[in-house]
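In: Sharing a model that was predicted from the sequence below.
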Amino acid sequence: MLKRYSIILILACIQFGCATPPEPVLFGEPDSLIDKQGTVYLYRADLYSVKGAYPFVFLDEEPQGRLEHQTYKVWNLSPGQYEWVVKAGDTWDELGAADSWEIREQKITVDVAAGKYYFLRLKPSAHENVFGWRDAKFGLVDKKKAIKEMKGATLAIDE
């Protein structure tokens, strides 16, 4: 009887061990550039008060998942022109998009060149009487500023 329970316990431990989520990938420094490609990072410079609202990201009209509080995404791309779009995300945002976003979506087009880094930042409004995403800024920032703001952010892994 004890042997049977020991085997069940071992099997349960193995099962739960296999279900452990992967360690988060924290941002430290930009990844090495891949030959003949450019690397584009997209991150949120957040206010804690809007951490529950998240936008969905699209690259050339293809869904790329959501961009949650203190996360970033990264793409290694061949040279060319690409368009990123962020749209109101969670259910609350969808229902209140007219109030919480100045416009329902924001876009930026980037001409990616081989051997270069690009950092796209989405930053909610810090104005006192404006809730989070209205007046949000979405655009390119320099590498030094991006690295400073991205410290501690985790790579967004889409499910």
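Out: Here it is on my side, so go on. Numbering: from 1, shown residues only.
In: Which secondary structure element of this structure has the lowest mean pLDDT?
Out: Scoring the helices and strands of the chain by mean pLDDT, DSSP states H and E places helix 91-100 at the bottom, with a mean of 48.
In: Could you spell out the sheet neighbours of the helix or strand just after it, each with its direction?
Out: Downstream of helix 91-100, the next assigned helix or strand under DSSP states H and E is strand 105-112. Here strand 105-112 has these sheet partners by DSSP bridges: strand 80-87 (antiparallel).
In: all helices for the chain, in order.
Out: Assigned by DSSP state H, the chain shows helices spanning 2-18, 91-100, 143-150.
In: Select from the ones you listed the stretch with the lowest mean pLDDT.
Out: Least confidently modelled of the helices of the chain is helix 91-100, at a mean of 48 by mean pLDDT.
In: how about low-confidence regions in this protein?
Out: Scanning the chain for pLDDT under 70 picks out 1-26, 28-29, 46-53, 89-104, 125-135, 159.
In: Recalculate using a threshold of 90.
Out: Applying pLDDT under 90 to the chain picks out residues 1-35, 44-56, 66-71, 86-106, 122-138, 151-154, 156-159.
In: Look up which residues are beta-bridged to the nearest residue to Leu59 once chain neighbours are set aside.
Out: Nearest in space to Leu59, with sequence neighbours left out and distances taken as CB to CB, 6 or more residues apart in numbering, is Trp84 at 5.7 Å. Using the backbone N, CA and C atoms, a C-beta is placed for each residue, glycine as well. Note on Trp84: beta-bridge partners Leu59, Ile108, judged by DSSP bridges.
In: what's near enough to touch Trp84?
Out: For Trp84, the contacting residues are 42, 57-59, 107-110, 120, by CB atoms under 8 Å, 6 or more residues apart in numbering.
In: ok, now with 10 Å
Out: Each residue near Trp84 by CB atoms under 10 Å, 6 or more residues apart in numbering is listed here: 40, 42, 57-60, 64, 73, 75, 106-110, 120, 122, 138.
In: same thing with Val112?
Out: 37-40, 75-82, 118 are the contacts of Val112 under CB under 10 Å, 6+ apart.
In: out of the residues you listed, which are buried?
Out: 37-40, 75, 77, 82, 118 (16 or more other CB atoms under 10 Å).
In: From those residues, which land in strands?
Out: Secondary structure from DSSP state E places 38-40, 75, 77, 82, 118 of the buried ones among the contacts of Val112 in strands.
In: Mind putting those residues into a markdown table with distance to Gly152?
Out: Rendered in a markdown table, the data for those read as follows (distance: CB to CB, whole Å):
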| residue | distance to Gly152 |
| --- | --- |
| Gly38 | 25 |
| Thr39 | 20 |
| Val40 | 20 |
| Trp75 | 21 |
| Leu77 | 25 |
| Tyr82 | 27 |
| Tyr118 | 21 |
